[in-house]
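Peer 1: sequence and predicted structure, then a few things I'm wondering about:
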Amino acid sequence: MIARSTAFAPTEPGVYRMPCGNCYVDFFHAPDGTERWPVPGDERTYTRDTVAIARHSDHPWERMYTLAHAAAEIRRRATTAGTPVHVLINELTLIVDAEEAAENEEIARIARERPADSAEVPLADLARKFGIDLDEL
């Protein structure tokens, strides 16, 4: 299992979403040539084997894009479109703002439809909702 998990770990330095789907790791080579695998929020630095053993599942590793990758992609798109970089960034910002506004609207709708957390439900009502007869308990 250790060998199999280690075999599927990334070999190219970068930021990765780990197979658990919830954690990230920044894999890089230290100046002394050793591999480092820090996990944000965790003080320890892992090795390839410890990451593969401790953080595994059936999901594949997913390489995340770094700021350098994003900058190169923005520069490429601006060059292709013949648009100044700042104009393209403004356009991308408008798209993100619109998506965030739509998401915030959806969150507000769900919050309005959901009963208040502090609302107390009488035990009899709760029992009735789940088909429980309190007299039989």
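Peer 2: Perfect, thanks for sending it. Numbers count the residues shown, from 1 in each chain.
Peer 1: burial of the residue nearest to residue 50 when sequence neighbours are not counted, as a residue count?
Peer 2: Nearest non-adjacent residue to residue 50, counting by Cβ to Cβ, 6 or more residues apart in numbering: residue 37, 7.5 Å away. (Glycine included, C-beta is placed from N, CA and C.) Using other Cβ atoms under 10 Å, residue 37 has 22 neighbouring residues.
Peer 1: check the one 3 residues further on too.
Peer 2: A total of 9 residues lie near residue 40 under the criterion other Cβ under 10 Å.
Peer 1: again, but for residue 127
Peer 2: Per other Cβ under 10 Å, the neighbour tally for residue 127 reads 15.
Peer 1: my read is that it contacts residue 134, right?
Peer 2: Yes. In terms of Cβ atoms under 8 Å, residue 127 counts as a neighbour of residue 134; the distance is 5.1 Å.
Peer 1: select the longest helix from this structure.
Peer 2: Longest helix in the chain by number of residues (criterion: DSSP state H): helix 85-113.
Peer 1: send the alpha carbons of the helix or strand just after it over as CSV?
Peer 2: The C-terminal neighbour of helix 85-113 among helices and strands, as given by DSSP states H and E, is helix 123-129. C-alpha atoms of helix 123-129 as CSV (Å, rounded to 0.1, in the frame of the first residue of the first chain):
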residue,chain,number,x,y,z
LEU,A,123,-40.4,17.9,21.3
ALA,A,124,-43.9,16.7,20.3
ASP,A,125,-43.6,18.5,17.0
LEU,A,126,-40.2,17.0,16.3
ALA,A,127,-41.4,13.5,17.3
ARG,A,128,-44.4,13.9,15.0
LYS,A,129,-42.1,15.0,12.1
